[in-house]
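**Q** okay, here's the prediction I keep looking at, along with the sequence it came from:
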Amino acid sequence: MSVDVTPRAIALRTLAPADVWGRRRGDGVHIGWVRRTRRDGDSWSPGDIPLGEDSEAYLVEVLSGATVLRTIPAAAREVLYASVDELADFGAPQPSLAVRVTQISATVGRGVATEATLRL
């Protein structure tokens, strides 16, 4: 018996960020999350989780249903969805926002996304 296999880089995809949160402040909605890692992240000691990638990079997508209204690139675990952008996208401040956060790998691109509804 023979099996044809096409290798893929699924094992290299970044894990979905965890604990996505949002806080409205004077300049807009600050959105943050906890990074997860595939390498050396199983320590029980407190502290920051190792990056496990060449650089830290994320995409935060603001959603309206299945439609992506805005994509915000990030080089850290927090971004600002500016008030002027929210007004342009929705016409008024929203009581909640649906977002999708994805870590980016230099090797394989977008990892597994986390979707969350943020109550503001």
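**A** In hand now; what should we look at?
**Q** wasn't Asp89 part of a helix?
**A** Yes - judged by DSSP: H, G, I helix; E, B strand; the rest coil, Asp89 forms part of a helix.
**Q** kindly tell me how buried the residue lying closest to it once chain neighbours are set aside is, as a neighbour count.
**A** Take Asp89 and drop its neighbours on the chain: the residue closest to it by C-beta to C-beta, 6 or more residues apart in numbering is Leu69, 4.5 Å away. Quick note: C-beta positions are derived from backbone N, CA and C, even for glycine. By other C-beta atoms under 10 Å, the residues close to Leu69 number 16.
**Q** and what about Leu69, helix, strand or coil?
**A** Leu69 ends up strand, using three-state DSSP.
**Q** what does stretch 85-102 rub up against?
**A** Stretch 85-102 has contacts (C-beta atoms under 8 Å, 6 or more residues apart in numbering) with 14, 16-17, 20, 22, 24, 28-29, 31, 33, 58-65, 68-70, 81, 83, 110-120.
**Q** report the buried members of those residues.
**A** Among the contacts of stretch 85-102, those classed as buried by 16 or more other C-beta atoms under 10 Å are 14, 16-17, 20, 22, 24, 28-29, 31, 33, 58-63, 69-70, 81, 111, 114, 116, 118.
**Q** inside helices: which ones of these?
**A** Using DSSP state H, no member of the buried ones among the contacts of stretch 85-102 sits in helices.
**Q** returning to that earlier point: give me every residue that touches the residue nearest to Asp89.
**A** If a contact means C-beta under 8 Å, 6+ apart, then Leu69 has Val62, Leu63, Asp89, Phe90 as its contacts.
**Q** what distance do you get for it to Ser105?
**A** For Leu69, the distance to Ser105 equals 25 Å [C-beta to C-beta, to the nearest Å].
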